[in-house]
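Participant: Provided below for reference: sequence and predicted model.
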Amino acid sequence: MANETNSPATPEPTLIALPVTMSDIVAEIEAEKLQRAALRPANKSAVFAALAGAGIATVIVIFDGYGDSGQIESIEARDAAKTSVPLPDQTISIVAIVWGQSAPETRPMTLTEAIEHLVYDALSETHGGWELNEGAYGEFVFDVAAQEIRLDYHERMTVTEFHSHTF
């Protein structure tokens, strides 16, 4: 005799089709890019003001990525005499876009974290996927006097040439 139970049948899961199109996704990405670009001047000013206040003339940020991962390798601050100096352990406010939230959020960050934030935003905007496959490496130079951030970017590529001849 078979073992029978009187439990109700489990309902089948229902899939809900969302009316999302590729153009919706592209529009959302573009809107986020515009929002990041609009936030950059104030964030950059906050970082440069803190650097100037600490007597720092230049910051060099080295990054490297490959094999689907990437990171900042080093951050070095230098004074006007090009002597390496420590970054101050100072907290500043940065306005950041938070994934899944509709409005940007003001966040307190150490100066080091704020520099990293600017670097990762710039890499995402200019070279999204810099950490994938063979990846890329390079450096950011923060020039405090000029209030500029320069990116020197090197992308790795694998090239394969194949030749087949039948005579």
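Facilitator: The structure has been received and is ready for your questions. Just so we're clear, the structure is a prediction, and the values are computed from it rather than from any experiment.
Participant: what about the longest helix in the protein?
Facilitator: Determined from DSSP state H, the single longest helix within the chain is helix 22-53.
Participant: in that one, what counts as buried?
Facilitator: Neighbour counts over helix 22-53 (16 or more other CB atoms under 10 Å) mark R36, L39, R40, N43, K44, A46, V47, F48, A50, L51 as buried. Yep, even glycine has a C-beta here, placed from its N, CA and C like the rest.
Participant: and the second one, how far from I62?
Facilitator: Note on L39: its distance to I62, by CB to CB, to the nearest Å, is 25 Å.
Participant: quick one: pLDDT of the residue nearest the centre of the chain?
Facilitator: For the chain, the residue nearest the mean C-alpha position is Y120 (2.7 Å; CA atoms, centre = their mean). According to the prediction, Y120 has pLDDT 93.
Participant: ok, it to T58 distance?
Facilitator: Separation of Y120 from T58 (CB to CB): 20 Å.
Participant: with R78 instead?
Facilitator: Distance from R78 to T58, by CB to CB: 5 Å.
Participant: before we move on, what about D64?
Facilitator: Counting by CB to CB, the gap from D64 to T58 is 20 Å.
Participant: please apply the same query to G135.
Facilitator: Remark: distance between G135 and T58 (CB to CB) = 25 Å.
Participant: so R40 sits against S124, correct?
Facilitator: No: with contact defined as CB atoms under 8 Å, R40 does not count as touching S124 (11.9 Å).
Participant: quick one: the lowest-mean-pLDDT helix or strand in the chain to chain centroid distance?
Facilitator: Lowest mean confidence among the helices and strands of the chain (mean pLDDT, DSSP states H and E): helix 22-53, at a mean of 90. In terms of CA atoms, centre = their mean, to the nearest Å, the centre of helix 22-53 is found 11 Å from the chain centre.
Participant: against which helices or strands is that helix packed?
Facilitator: Packing partners of helix 22-53 (3 or more CB pairs under 8 Å, 6 or more residues apart in numbering; DSSP states H and E): strand 91-96, helix 111-127, strand 136-143.
Participant: in a strand, G65, correct?
Facilitator: Yes: under DSSP: H, G, I helix; E, B strand; the rest coil, G65 sits within a strand.
Participant: 723 is where my numbering starts, stick with that
Facilitator: That works, and once the first residue is 723, the last one we named lands at G787.
Participant: so where's this structure uncertain?
Facilitator: Along the chain, segments meeting pLDDT under 70 span 723-732, 736-739.
Participant: show me what contacts T832?
Facilitator: Counting by CB atoms under 8 Å, 6 or more residues apart in numbering, T832 touches D811, Q812, T813, I814.
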